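>>> Compute the structure for the input listed below.
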Amino acid sequence: MQPTPIAQTDAAVFGRLIKPNHGDFSPTAAREILSLQFDDDDKARMHQLSLKAQEGTLTPDEQAEIESYRRAGSMLGVLWSKARLSLIRAGLGVANGHHT
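Next up is the predicted model:
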């Protein structure tokens, strides 16, 4: 029987690296991680790219750019999950799941 292949996406590899289910960030580190977010220029660019993607007019460079944003967002999501779990396990919880 062949072993099941392990997912090799950036987010999957990153997830295995930081072990998001362990929830072992300090409360200070967890709060700092939850404050990470894209700046307004990046949000505006992602919106522009999203509109072009919906129209089917992305250039190959823009396709690569939107994919980079997607990968970064996926990795940030993994970090946020571990940070929220760390706060919950420390008995501190997370207000409405929002990032500060």
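>>> Over to the nearest residue to residue 27 once chain neighbours are set aside: give its phi and psi.
Take residue 27 and drop its neighbours on the chain: the residue closest to it by CB to CB, 6 or more residues apart in numbering is residue 90, 5.2 Å away. (Glycine included, C-beta is placed from N, CA and C.) When read as degrees, to the nearest 10, the backbone of residue 90 gives phi -90, psi 0.
>>> Count residues in the vicinity of residue 90, would you?
The burial count assigned to residue 90 is 14, neighbours taken as other CB atoms under 10 Å.
>>> hang on, isn't it packed against residue 29?
No: under the criterion of CB atoms under 8 Å, residue 90 is not in contact with residue 29, lying 10.8 Å apart.
>>> I'd like to know how far the residue nearest to residue 27 sits from residue 21.
As judged by CB to CB, to the nearest Å, residue 90 and residue 21 stand 15 Å apart.
>>> same thing with residue 51?
In this view, residue 51 and residue 21 are 36 Å apart by CB to CB.
>>> Give me the residues contacting the helix or strand of the chain with the lowest mean pLDDT.
When each helix and strand of the chain is scored by mean pLDDT, DSSP states H and E, helix 10-18 comes last, with a mean of 81. Helix 10-18 is touched from outside by 6, 71, 74, 75, 77, 78, 79, 82, with contacts defined as CB atoms under 8 Å, 6 or more residues apart in numbering.
>>> again, only using 7 Å
71, 74, 75, 78, 79, 82 (CB atoms under 7 Å, 6 or more residues apart in numbering).
>>> Going C-terminal from it, what's the next secondary structure element?
Sequence order places helix 27-34 as the next helix or strand after helix 10-18, per DSSP states H and E.
>>> That following helix packs against which elements?
On a contact count with 3 or more CB pairs under 7 Å, 6 or more residues apart in numbering; DSSP states H and E, helix 27-34 meets helix 60-89.
>>> Give me the distance from the helix it packs on to the chain's centre.
Chain-centre distance of helix 60-89: 1 Å, with CA atoms, centre = their mean, to the nearest Å.
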